[in-house]
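Enquirer: The following comprises the amino acid sequence and a computationally predicted model.
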Amino acid sequence: MKSRFTQGSNDMPNNNILIEVKELRTYFYLTEGVVRAVDGVSFSLERGRTLGVVGESGCGKSVTARSIMNMVRKPGRTVGGEVLYHRRNGDDTTEEIIDLLKLEPMGDEMRAIRGGEFAMIFQEPRASLSPVHTIGTQIVEAIRLHRPMTKAQAREHGIEMLRRVKIPRPEQIIDAYPHQLSGGMCQRAMIALALACQPALLIADEPTTALDVTTEAQILELMRELQATFETSIMYITHNLAVVAEIARDVMVMYMGKDVEFAPVDAIFHEPKHPYTIALLSSIPRIDVERDMLATMAGTVPDPYALPKGCPFHPRCPSRLPVCSQDIEVPYVFFDKGHRVRCHLYTAK
Amino acid sequence: MRTFVLKRILQAIPILFGISIIAFAIIQLPPGDYLTTYVNNLRSQGDVISDEQVKALEEQYGLNQPLYLQYWKWITNFVRGEMGQSFYWNKPVRSLIGERIALSMLVSLFALVLTYAIAIPIGLISATRQYSFADNLFTVLAFIGVGLPSFLVALVLMYFGNRYLGLSAGGLFSIEYMDAPWSLGRVLDLLKHMILPALIIGISGTAGTIRVMRATTLDELSRPYVEAARARGLREMVAVLRYPVRVALNPIMSTIGWQLPALVSGETLVSMVLGLPTCGPLLYTALITQDMYLAASFIMILSTLTVAGTLLSDILLAWIDPRIRFGGIQ
Amino acid sequence: MEVPASSPQNTPPSAPPMQAQEDQLIAESGARSIRLLSHRQLVLMRFRKNRLALIGLATLILLYLMAIFCEFIAPYDPNRRFQGNVHAPPTRLHLRTPEGAWSMPFFYRVERKTDPSTFERVYAEDTRQRYSLRLFVRGDPYEMWGLIPLDVHLFGSSDPSVPLFLMGADAMGRDLLSRIVYGSRISLSIGLVGVCTSLLIGLILGGVSGYYGGMVDDIVQRLIELIRSIPTVPLWMGLAAALPPSWPQLRVYLGITIILSFVGWTTLARVIRGKFLALREEDYVLAALQAGAQPFFVIREHLLPSFMSYILVHLTLAIPGMIIGETGLSFLGLGLVAPTISWGVLLKDAQKVQEVALHPWILIPAIFVLITVMAFNFFGDGLRDAADPYSQRT
């Protein structure tokens, strides 16, 4: 069962996997053409670990997340690949493997997983809550959808969850409307809502991008704490490398729908392999290196309707080879500690 | 909430005052006073009226007093329910207009209900099945319907009904119920007769509401909270109906305020074409015969009821949308 | 595993000059041409794409041409009564002779008979003699725009003694088409005049309201609320009934326009005020003022362009309401009255269903009203979409 994309050291069998994504492809069929938002992405995530997914806007991070939740909306469609969910029963004795993409997107089985076992929080916390319902209504509804509880029990549980995310006066806040709360409070409420059913996976799609830095730090701290208590795996999507450094164990770097590099967090920051990762890192200020000017990446993100042939990064790549512009799939190159990269530079050797 | 209601009621008072001034102005506008017209009418019919009688009438209506006193007399009487005498029908205005106002409002409200009952589901279907055949069809129909003048539609429909269905369309009651006392049968008969007029009156409102409903629902469907609801495992129908539709309904509800005057307005014209026993035809006769107390009372009462309807819809909206209730921001 | 060591610290920024890089990028990404369009070009481009709006515009141009040249286009004097042609039905134009040959459009004299058994009126064509439809025939004399005496009409019957009623005749034997064509002059112009009056009042009160704010704004807003809360038709009827019947035609016409604008200005004033308030706060307006631009310059360069398109759209969409208003009032006999000819006055004949059932062609003016109203709506809607070229309306 173990694939080459399974992270962790290569010589130890790993049975702690939660989800495995293989060759995922999600395309958008628009009148202007086909956008290959996710074009062959593979990775796996272990239980209780955090995976950071980084890349520029439009690189397919969010679409990957929605594909895992099997909730890509038209005109988008998941056209290939597998999302294998290693589901355990309550006492961790048996494990079944489900390909989520084979499930009916709005069917009962998929909806039971969505929200019950996989939860998601979003970029704009206030906009992600219904403006005309109280926090309580939404949290009670979510809990009762997945757990056999009465309204009163669900409400009690909801208040408890709000307390767990450190919302002051949860008994009152539960009856508040989103517009009465600050952005940070809304995101806490969203987290409470997401974790209310103790999901195995929490997908966080840029949850702190819309918040100020102090609030961001608090939310990150909270997520780390909660992960320790609930043993939830987190897939953390962001374009902020500093956040990744703080929260993630592994990092996947994406560019134009491709997973260009995957590595433990230390390896990404200290031994980046892919020229794109290197360029990305050199564009953030560092205090340990003296520099006059921040490096900027040459060129701009290509037109999504007309992606460059071969490696999508080659027009901007400072170290491109002739092979890079050839119309062939760039192969994976594997290093130790689960570090892998998709770049011709390393196949040549 | 209570302060909000109180505030809105206080705001309505100057409006009602303004309306009363306009209604009174309409009494005063025609050249010569209506008493002269009335007396001339009576005399032309051969009645003998002495100058003393004319004087007495002048006294009764305060015509020899300054305008503001006349107004004061009229409005205080009006509030007490004394709406003066209809010169043309020679009956108290109150006895003439009671049932007609009620029927007018009933038809208008029925049109309002029909408008929403038709437009909201259609707008919703259009939005959730964007660019489907049904959506395109409804979009075109709504586009055409939004500017159609209802009385012309009534005219054309009357012709076709008469020509091809042999309907002697018009009226609100069948002959056997025309002057019958109220009974269940009469109510059902009334409802049956009300559907067509209400549909005609509601055409442009329905078309407009379909467009608004479609646009706002589309707007709301793309909002993050809908996706968040889906990510929580809600059924598609629930995710759409419970969340965005609730929000999309708000602008619809807030337009009741101006739907109502438009409906009452449309009803006035359509009722004349279709010969409904509502305000329209009587108001028309009153204006033609310069029966100004009757006319002004109609305008005053119709406007007052419209203001009251708007007020109610505002309160309803605040009750539905917490953002307004708490004076919060969007 | 040996790999070429490259870390952020030692990657030389070996990028070629920016411009070359970008050119290359464009070339590689499929060479999509990029062109900058001015606001006006964008508006035009978007408007041209909207087929319904174009149809609306074309229809309106035709209708207004008809109104402008009504004396020439109408085949007859609208007040001429044709003896023995009371309620004559629309004349049928034939394109094929009884022998089956194609021909220029021609028609027959119509005779009215009464069916001896059912007593229904029947109209029979007298096929012995053909009359043709001729272009540019001489007929009833008229004065173009009241100035140039002429007697040429766009089309007419080849025989002056056998009239051609393309849309039938009315209860006095007058040609309905001619009356409709003449009626368009009043019905179509009343919308324009009414809207201009509304715009004038709306601009003044809306502008004052938006400019001064505070008390003035409050008063104007309450006034608007007041007028809008009265059902329009009863109000119009009340005001129209107050016009003295002794007034001459022109004064009644103006009176009706003012009555229509009495309600119409409120919408425009709201739009103008809202736009004014919104624009005053716009960053680009503040930026222009900060940069030292004169207020007049800001108004001309920034406010007016974004303002005008909105006003234009609202004007276009307000016209049909006015046209319907005039039609409705005249239809009731409260607005314009004969001998003035407008579509509403013509429709007054159609008040009774029995009349319409016998002579359905008297409803034709209604079709003209509907077409005009729809053309305005299509055109206005297209204009609204086009005026905001950056919007992504679905």
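Expert: Thanks, I have the structure now. Numbers count the residues shown, from 1 in each chain, chains lettered A, B, ... in the order given.
Enquirer: What segments of chain A are helices?
Expert: Counting by DSSP state H, chain A has helices at residues A:61-68, A:108-113, A:135-146, A:151-164, A:170-173, A:183-195, A:213-230, A:241-247, A:265-270, A:275-282, A:344-347.
Enquirer: okay, those helices in a markdown table with mean neighbour count and distance to chain B next?
Expert: C-beta coordinates here come from the backbone N, C-alpha and C atoms, glycine included. Compiled in a markdown table, the helices of chain A are given as follows (neighbours: other C-beta atoms under 10 Å in any protein chain shown; distance: least, C-beta to the nearest C-beta, whole Å):
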| stretch | mean neighbour count | distance to chain B |
| --- | --- | --- |
| helix A:61-68 | 24 | 8 |
| helix A:108-113 | 17 | 4 |
| helix A:135-146 | 22 | 5 |
| helix A:151-164 | 18 | 13 |
| helix A:170-173 | 16 | 14 |
| helix A:183-195 | 25 | 7 |
| helix A:213-230 | 16 | 16 |
| helix A:241-247 | 18 | 20 |
| helix A:265-270 | 18 | 26 |
| helix A:275-282 | 24 | 27 |
| helix A:344-347 | 19 | 37 |
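Enquirer: okay if I get these as JSON lines plus distance to C:Phe155 and mean pLDDT?
Expert: What follows is the helices of chain A, written out as JSON lines (distance: least, C-beta to C-beta, whole Å; pLDDT from 0 to 100):
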{"stretch": "helix A:61-68", "distance to C:Phe155": "65", "mean pLDDT": "91"}
{"stretch": "helix A:108-113", "distance to C:Phe155": "70", "mean pLDDT": "88"}
{"stretch": "helix A:135-146", "distance to C:Phe155": "71", "mean pLDDT": "91"}
{"stretch": "helix A:151-164", "distance to C:Phe155": "78", "mean pLDDT": "92"}
{"stretch": "helix A:170-173", "distance to C:Phe155": "79", "mean pLDDT": "91"}
{"stretch": "helix A:183-195", "distance to C:Phe155": "72", "mean pLDDT": "89"}
{"stretch": "helix A:213-230", "distance to C:Phe155": "78", "mean pLDDT": "88"}
{"stretch": "helix A:241-247", "distance to C:Phe155": "79", "mean pLDDT": "88"}
{"stretch": "helix A:265-270", "distance to C:Phe155": "84", "mean pLDDT": "90"}
{"stretch": "helix A:275-282", "distance to C:Phe155": "75", "mean pLDDT": "88"}
{"stretch": "helix A:344-347", "distance to C:Phe155": "79", "mean pLDDT": "85"}
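Enquirer: between these, which gets nearest to chain C?
Expert: helix A:275-282 (4.0 Å; C-beta to the nearest C-beta).
Enquirer: And the contacts of stretch A:176-187?
Expert: Stretch A:176-187 is contacted by residues A:121, A:125-126, A:128-135, A:167, A:173, A:189, A:207-208, A:210-212, A:215, A:218-219, B:322-323, B:326, B:328-329 when judged by C-beta atoms under 8 Å, 6 or more residues apart in numbering or on different chains.
Enquirer: domain parsing for chain C?
Expert: Domain assignment of chain C by automatic domain parsing yields the ranges C:91-164, C:180-387.
Enquirer: Could you say which of those domains is packed most deeply?
Expert: Of all those, domain C:180-387 carries the top mean neighbour count, a mean of 20, counting by mean count of other C-beta atoms under 10 Å in any protein chain shown.
Enquirer: how distant is it from the center of its chain?
Expert: Offset of domain C:180-387 from its chain centre (C-alpha atoms, centre = their mean, to the nearest Å): 12 Å.
Enquirer: for that domain, what is the average pLDDT?
Expert: Averaging pLDDT along domain C:180-387 gives 81.
Enquirer: One more: stretch B:224-242?
Expert: Across stretch B:224-242, the average pLDDT comes to 84.
Enquirer: Could you do stretch C:69-81 as well?
Expert: Mean predicted lDDT for stretch C:69-81 stands at 83.
Enquirer: quick one: what helix or strand has the nearest residue to C:Arg222 once chain neighbours are set aside in it?
Expert: In space, and not counting its chain neighbours, C:Arg222 is closest to B:Pro14: 6.1 Å by C-beta to C-beta, 6 or more residues apart in numbering or on different chains. Per DSSP states H and E, B:Pro14 falls inside helix B:2-28.
Enquirer: Tell me the buried residues in that helix?
Expert: Buried positions in helix B:2-28, judged by neighbour count with 16 or more other C-beta atoms under 10 Å in any protein chain shown: B:Phe4, B:Ala12, B:Ile15, B:Leu16, B:Gly18, B:Ile19, B:Ser20, B:Ile22, B:Ala23, B:Phe24, B:Ile26, B:Ile27.
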